[in-house]
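Undergrad: only the shape, not the letters, is given here:
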């Protein structure tokens, strides 16, 4: 196959068409909107503990575990830290009880 003016086309810079520019602009705008939505979702989600609730992360056999308790169970856990040595280790339970305004020990 003979390619007429092939070297001439290769030596010239590419030209953007209206459709190409529109496609790039659409892709960039879509990316910016997706990032904005992601930031909004991440900033508004998360664990919101109610009053009288505790959440303690502590080491376990498979890595880390979490204990979440509210109401009477949270009061019992905070009142008797010796019964939960894994939770009471390193002061994580004491801090969680303080944040929930529950007496510790």
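TA: On my side now, so go ahead. These figures come from a predicted structure and were not determined experimentally.
Undergrad: ok, residues contacting the strand or helix carrying residue 93?
TA: Assigned by DSSP states H and E, residue 93 belongs to helix 92-99. If you take Cβ atoms under 8 Å, 6 or more residues apart in numbering as the criterion, helix 92-99 is touched by 49, 54-58, 74, 77-78, 81, 84, 87-88, 103-104. (Each C-beta comes from the backbone N, C-alpha and C, glycine too.)
Undergrad: for residue 54, what are its contacts?
TA: Residue 54 sits next to 67-70, 74, 77-78, 93, 96-97, 99-100, 102 when contact means Cβ under 8 Å, 6+ apart.
Undergrad: okay, now the unreliable bits of the protein?
TA: For the chain, the stretches with pLDDT under 70 are 1, 46-49.
Undergrad: tell me where it has strands.
TA: Ranges of strands in the chain, per DSSP state E, are 53-60, 63-70.
Undergrad: kindly reformat those as JSON lines containing distance to residue 5.
TA: Converted to JSON lines, the strands of the chain look like this (distance: least, Cβ to Cβ, whole Å):
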{"stretch": "strand 53-60", "distance to residue 5": "69"}
{"stretch": "strand 63-70", "distance to residue 5": "65"}
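Undergrad: care to break the protein down by domain?
TA: Following the assignment in automatic domain parsing, the chain carries domains at 18-45, 53-99.
Undergrad: tell me the most buried of the ones you listed?
TA: A comparison of these by mean neighbour count, using mean count of other Cβ atoms under 10 Å, puts domain 53-99 on top with a mean of 15.
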